[in-house]
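Novice: I would like the atomic coordinates for the input below:
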Amino acid sequence: MSNVKGWYVRVDVPVVFNIDMKVGVTETSFDRAEDEAKRIAYDWLERGCYKTDLEEQLPARFKLCDTDWMRGSITADLDFDGMTAHAELDSDFDPEGDDEPVSDIQGLMEAAQCLNEAFHDLPNDHPLQKFREDNGIAEVRDRLNLCAIYCDMTHRIMVDEQGYDACFDWDFVPQFLRNCVDHEEFKPKSEDYRELSKFWSGA
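Specialist: As a prediction, this is how the structure comes out:
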């Protein structure tokens, strides 16, 4: 028995669990909606703040099965490769309503501001200026907000699928207003973003 020694052994047990978040996106299919939501989640988490947040939220010490446990130093990590998404249709979604889900609030705000600038740069005899005279500036704001959703998503598709890399505010947005918006109705010519990309290109 002279070789018997006492030991303190640290047993490191990996603990795996999912953390869920809900992301509202506007897209044309389940697959595209799931891909867009994962891209947004990845962008948020990639900033690195998640490690600090998780470590602050998870208790350093806890009791499980009447045994004391301590959180390991590498417990708070994320498996980006294992990220999955499950899309559900929003039955209340109305592209012309005031509460549409958004894929990127900052992107939509930029699109709305750029569309507003492009609108006010139009000549006085432009049909959209006639729409403002007939319907008022408040209605114009509502139509610009609607157009911003489609402008932002059409731009995303063109960047991802066609490699568009020109200026958004001075090049893309004015041409979107010219080619993708019905000048009598002041609405996008289509609800299909890919079709709008063809209108934008003049195809």
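
Novice: how about the strands in this structure?
Specialist: Using DSSP state E, the strands of the chain run over 61-64, 67-70, 181-182, 187-188.

Novice: show residues contacting the last one.
Specialist: Applying C-beta atoms under 8 Å, 6 or more residues apart in numbering, the external contacts of strand 187-188 come out as 96, 143, 146, 147, 150, 180, 181, 182, 196. For every residue, glycine as well, the C-beta is placed using N, CA and C.

Novice: next one: that strand to chain centre, how far?
Specialist: Strand 187-188 sits 21 Å away from the centroid of its parent chain (C-alpha atoms, centre = their mean, to the nearest Å).

Novice: shift numbering so it begins at 447
Specialist: Okay, residue one is now 447; in that scheme the one you just asked about reads as strand 633-634.

Novice: that one pairs with which strands?
Specialist: Strand 633-634 pairs in its sheet with strand 627-628 (antiparallel), by DSSP bridges.

Novice: give the burial count for residue 592, as a bare number.
Specialist: 21 (other C-beta atoms under 10 Å).

Novice: about what we covered before: so which of the contacts of strand 633-634 belong to helices?
Specialist: Those of these mapping onto helices are 589, 592, 593, 596, 642, per DSSP state H.

Novice: burial of the third one, as a residue count?
Specialist: By the other C-beta under 10 Å criterion, the neighbourhood of residue 593 contains 22 residues.
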